[in-house]
Each structure stands twice: as C-alpha cells, then as structure tokens.
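[1] Provided below for reference: sequence and predicted model.
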Amino acid sequence: MSWPDWIVLVLTLLGMIAYGLYKGRTSRDLDGYFLSNRMVPWYMVLLGIMGTQASAVTFLSAPGQAYTDGMRFVQYYFGLPLAMIVLCVSFVPVFRRLKIYTAYEYLEQRFDLRTRTFTSGLFLLQRGLSTGISIAAPSIILSSLLGWNIFWANIMMGGLLIIYTVMGGAKAVAYTQQLQMIIIFGGMTVAGFMVIHRLPAGVGLSEVLHIGGKAGKLNIITTGIRPGGKGFDWNDRYNMFSGVIGGFFLALSYFGTDQSQVGRYLTARSLTESRLGLLLNGLVKVPMQFLILLLGVLVFAFYQFNREPVFFNQSQLDLLAHSKYKDSLVRLTRQYEAAETSRLAAAPSIAANAATPADRSKAAARLLAAEQQKTDYKMTVRRWLDDKDVGGDSNDTNYIFLRFVTDYLPIGLVGLLIAVIVLAAWGSIAATLNSLSSCTIVDFHRRFSNRPMSTEKEYQLSRLYTLLWGIFCIAMAQLAYNIGNSLIEAVNVLGSMFYGVILGIFLVAFYRKRTGGKAVFISAVIVEVAVIFFTILSRQGVVKLSFLWFNVIGAAGVVVLSEGLQVFMKKPSAA
Amino acid sequence: MDQEPEEKVPLFKKWSRWYILVAGFLLLNIILFYFLTKHFS
C-alpha cells in the first residue's frame, strides 16, 4: 500500500476514534452508558442497526459471492423486512414498556431467573466466540493481501475501537456508527463508479447486466427445486424459500433477541423512533444488499476485459510455488497468461462491434466461451490447493473485491476502501462489546451480587467489562487464526446453533401465555443439545440440511416441546 | 409498569399502513428481481 493510502487510512481511523471520544460524553450511570439516556433519534437508530449488522465480511464477501455464485445471496435477506414488522408489533413495545437494559431481563419477569440466566449465557457464549472470529476473518484477508502482520491486523480490526467504546459506551457507538455508515456508503458508491469508469468504451451498465446474466450471475431469484422438478433441495443455502422462511426466523432472532441489536433500538427517544428505525431498515436492507452484490457483477464484467489473476489470493499461489506443484504451476501460469492475452486481444473489438442488443448478446456469449477455458485453469489450481500435502485454501471468494481494489483503483482510494472495511468491522464489534458488557453487568454481576453498588461503581464496572470483553475477543481472534478462511462460514453456523433456541424462548414468552418457566427451560436445554448434535451431523455430511434451517428447527422445537411439556404440568411454574 | 404515551404515527394514520408499505415494498423487490433474472438469463 502506498504512503498516501496509509495517510488516508490512518487519518480516517484516528478521526473516528477522536469523534467517538468527543461525542461519547454521557451521564456516569447505566442509563447513560448502555442506553444513551434513551435520547437517540430514529435515523441514528437506523444507521446503528445497519452498522451493527453489516460487518467487514459483508463488504469483503458479498461482491465476491456475486462474482462466483451470482446474486442469489440477496434472497438471504427476504425474511428481514417481515421480521421487522413482527418486532414492531410484539417485541419492541414490551421492551420499551419494561424499561429494561437487556432483552433477557424480560425473561425473568415472564418466566424465572434460570431461563433469563440460561438465555443471556447462551448469548454471551455465542457472541463472545463469534466476535473473535469476526475480527480474525477480515484480518486474515487484509494480512494476506497486503502482507500485514496478523497480530497488528487484529489490533487494528478489533483493538482500536475499544478506546472509544470503553470511554463513551452506547452513545459513542451510535455516533461513530452514523459516521461510519456515511463513509462506507460513500466508499462503496465511488468503487462502483470506478468499475464502470474502467470498462471499455461502449460497455455500460446494460452490457454489464447482459454479460452477468449470460454467465448466470443474475440468478437473483431461485426456487431451490432440483432440475427436472426432482423435489426441494434442503441443502441449497440461498433460494426464495430458505430466504423468506429461514431468513425470517434468523432476522427475528437476531434483531429481537440479540442484545447487540436490541441495545441499539432501546436507545431511541421513544417507541415511535425505535419502530421507525426498524421499519426503515426493513425498507432499505434488500435494495442495499442488491447493490453490494451488483458491485460483484460489475467486477466480474470488468475482468472480461482485463487480465484476471489465476487465483485471487496471492499468498496461496506462493504456497503452491513452494510445494511439489511448483514446476506445474510455472507451466500452468504460462499457458494461462497466453490464453488471457489472446482473450483480451479479442474482447475490445467484441465490445466495440456490439451495436445492437442482438450483437451484444452474441458478444457476451463469445466472451463467456473464452471464460470457460479460463475456468479450467483455475480449477486445476484449486485442486492442487486442496491436496492434503499442500494444505492450502482453495476458496478465494473473499479476496476478489479487495484484490480488484488494490490492483486497479487509484492511490488514495485504496486507503479509503481499506478504511471502509475496517470501519465496517468497528461498527459491528463496538455494538457487540457494548452488549456483552451490558449483559455481564445487568444479567450476572448486578443480579447475583449481594452487595449494593453505587451508580458510579456500576458505571466503572461496565467500562471494565467492556475492556475485558474487548481483550477476550482479540485473544479469540489470535487463536482463531489457524482455522483459516472457513472462519466466515463458522460465524454463520455458530449463530444458527444458538439463535433458533433463543428465539423459541422469546416466542413462547410473547405468544404462549399459559406456558411456564419450567417447561420452557427444559425444552430449551433439550432442543439446544439436539441442534448442536444436528449441526455436528450436518458438518460431517450425515444430515444434508443448510444451516439457515437450524434457526427454524431451534425456534419451532422450543415452542412445540414446551407446549407439550406444559400439558403434563398442572399449572405454569412461573408466569 | 409505566405505559409509554401514545405518539403520533409518522406519515400515516396507523402503524398498520407502515407494515403494509414494508411488506409491499418487499413484494415489489421480489417481482422486480424475478423479471431481472428472467430477462438477463
């Protein structure tokens, strides 16, 4: 990275820390530290919700996902708007009315202490582990691409934000998320315009869509039905049905029961502003995700007219260069480069002569025939990386967008785009640290401590817990380094192992008034063990079920089982 | 439990209109995406 890029990156990050410290001044009590004294306006709630959900991986992975697998990933978000509606009808009014700090406090009022402690404990376990992974995943990508030391990459990704999060609590998180989202949207928009700007003359958005469509990248809507109508593929991750149903349960669980999100809309000035923030998130999330994925299709079209690396993760090619395949790699690289040269010589004339829609369609088909040859070379490299003797990582999806940025964007903009990735991580991790601290102090320390605490002592302890969770997550990130690129998938799988059960507990709390604490607690423990068991079977290939469905199984399992158990119990044990 | 005061719903008369807007916009997105998929495939 050039020195102007470093200046842009360092100034942006230092500016963000200073802004967080300046705006984070608040009253020295739990209301101020965790809820910003409930004074946050709706637009900051909206940006906070979006900033918490959109991590660094969102901006690294999504364009690469569209590049390799097409835009069908957008369906993953189809259940989200519906979940926002359910939250506004059922969850938010109750949380606001009870004036709680954490979502799990409600469970003690509705059921009993053990259900609250169990659920909050599940949240701390899941979030504590996954946040460490969320720091490690983008750090590994940046360190591989830019040659950074992994320890310092982890410190930049998950360490610096601790300064303003510890000092300013929820208020610092809200204000920095607002500024972060503005910078992120600005950076991604500029990146999109730059891709279009670098396309050959005569190739615009319409041509890009045709190229993407012919290559199967515009597979935005898919049904998950196997070819020839041979039933529904339950192992297919992203389709209309898994997106609407599985995505609905996942979003309902994430936004309704994950304290990192609940903590954002509890800071709102009023119930109306909480609702408005959530509903507007329901309106903008799907189009926003569509545009991020479209960026991946733009990059795909760009590489139809420009030299594409045989593998986007250079560190893995370096690994091959020191393996038994080193001579084969030299030969393959030479053949690949020759094929790329002849393909690129033909590409501009194809684009220039494609005057009519019919011509454009033919041109796109010819380009894609050449693409097939390229794919064969790429597959060979992947096969070598998968060789146990090499021990490489054959998935370079998460490197595609950033490799494009570092190879083709002008100096200064590279620094800005790296800053976008880091800020996306900060927004998400800061909100999580704040929520981990709030659950630790409110659901555990304060709840189980026999000694009364002063407001100042609670405030100081909350800061201390935020700091300790920050250190814990950094330590987890250092440990997670060895897992490699599958970390991103690990975050999703880990979430789905716990979210469903937590949601099930809340669904019973809200909608099954006759079910008591004992029934729901026993059900939650049984179903959680079952979901963990099924996840292990699924990972080993024994059960063929996409992880999104575990959210549905976990939630439905708790509701049905607790209902059944309640029948055998004469009256609710606590209500 | 303290009841939060009922506040005026922004833009519409009832929250249900907001819910219809969000669900309707999702439906519109899905229809648009369907035609984009068909047109460019």
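    Cool, got the structure. Note that the coordinates shown come from a computational prediction; the quantities given were computed from them, not determined experimentally.
[2] and chain A, which residues reach chain B?
    A:74, A:78, A:81-82, A:84-85, A:88-89, A:93, A:96-99, A:209-210, A:212-214, A:216, A:218-221, A:240, A:270-272, A:275-276, A:279, A:282-283, A:286-287, A:290 (C-beta under 8 Å from any C-beta of the partner chain). C-betas here are computed from N, CA, C, even on glycine.
[3] Write a PyMOL command that selects only the buried members of the residues you listed.
    Buried residues among those (16 or more other C-beta atoms under 10 Å in any protein chain shown), as a PyMOL selection:
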select buried, chain A and resi 74+78+81+82+84+85+88+93+96+209+210+212+213+214+218+219+220+221+240+271+272+275+276+279+282+283+286+290
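[4] How much space separates residue A:561 from residue A:512?
    According to C-beta to C-beta, to the nearest Å, residue A:561 and residue A:512 sit 12 Å apart.
[5] hmm, back to that, okay, and which of the residues of chain A next to chain B map to helices?
    A:81-82, A:84-85, A:93, A:96-98, A:209-210, A:212-214, A:240, A:271-272, A:275-276, A:279, A:282-283, A:286-287, A:290 (DSSP state H).
[6] For the host helix or strand of residue A:254, name the packing helices and strands.
    According to DSSP states H and E, residue A:254 maps onto helix A:247-257. Counting contacts by 3 or more C-beta pairs under 8 Å, 6 or more residues apart in numbering or on different chains; DSSP states H and E, helix A:247-257 packs against helix A:79-86, helix A:259-265, helix A:487-511, helix A:548-568.
[7] Indicate which one of those is closest to residue A:203.
    helix A:487-511 (31.7 Å; C-beta to C-beta).
[8] Could you look up the next helix or strand downstream of the closest one?
    helix A:517-539.
[9] How far does that next one sit from its chain's centre?
    24 Å (C-alpha atoms, centre = their mean, to the nearest Å).
[10] cool, and stretch A:534-554?
    20 Å.
[11] Same check on stretch A:369-386?
    28 Å.
[12] Equivalent analysis for stretch A:331-346, please.
    36 Å.
[13] okay, it in PDB with CA atoms only?
    This file holds the C-alpha atoms of stretch A:331-346, laid out as PDB (Å, rounded to 0.1, in the frame of the first residue of the first chain):
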ATOM      1  CA  ARG A 331       3.800 -24.200 -16.700                       C
ATOM      2  CA  LEU A 332       0.100 -23.500 -16.000                       C
ATOM      3  CA  THR A 333       0.800 -19.800 -15.300                       C
ATOM      4  CA  ARG A 334       2.500 -19.500 -18.700                       C
ATOM      5  CA  GLN A 335      -0.400 -21.200 -20.500                       C
ATOM      6  CA  TYR A 336      -3.000 -19.200 -18.600                       C
ATOM      7  CA  GLU A 337      -1.200 -15.900 -19.400                       C
ATOM      8  CA  ALA A 338      -1.100 -16.800 -23.100                       C
ATOM      9  CA  ALA A 339      -4.800 -17.700 -23.000                       C
ATOM     10  CA  GLU A 340      -5.600 -14.400 -21.200                       C
ATOM     11  CA  THR A 341      -3.600 -12.400 -23.800                       C
ATOM     12  CA  SER A 342      -5.400 -13.800 -26.800                       C
ATOM     13  CA  ARG A 343      -8.800 -13.500 -25.000                       C
ATOM     14  CA  LEU A 344      -8.100  -9.800 -24.100                       C
ATOM     15  CA  ALA A 345      -7.000  -9.000 -27.600                       C
ATOM     16  CA  ALA A 346     -10.400 -10.100 -28.900                       C
END
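[14] That stretch: which residues count as buried?
    Quick answer for stretch A:331-346 (16+ other C-beta under 10 Å): A:332-333, A:336, A:340, A:343.
[15] Averaged pLDDT, it. What do you get?
    Average pLDDT, stretch A:331-346: 83.
[16] ok, residues contacting it?
    Defining contact as C-beta atoms under 8 Å, 6 or more residues apart in numbering or on different chains, one finds that stretch A:331-346 is touched by A:305-308, A:310, A:366-367, A:370, A:373-374, A:377, A:380-381.
[17] would you turn those into CSV with neighbour count?
    CSV is the format used below for the contacts of stretch A:331-346 (neighbours: other C-beta atoms under 10 Å in any protein chain shown):
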residue, neighbour count
A:305, 19
A:306, 17
A:307, 12
A:308, 23
A:310, 18
A:366, 14
A:367, 21
A:370, 18
A:373, 14
A:374, 17
A:377, 18
A:380, 17
A:381, 24
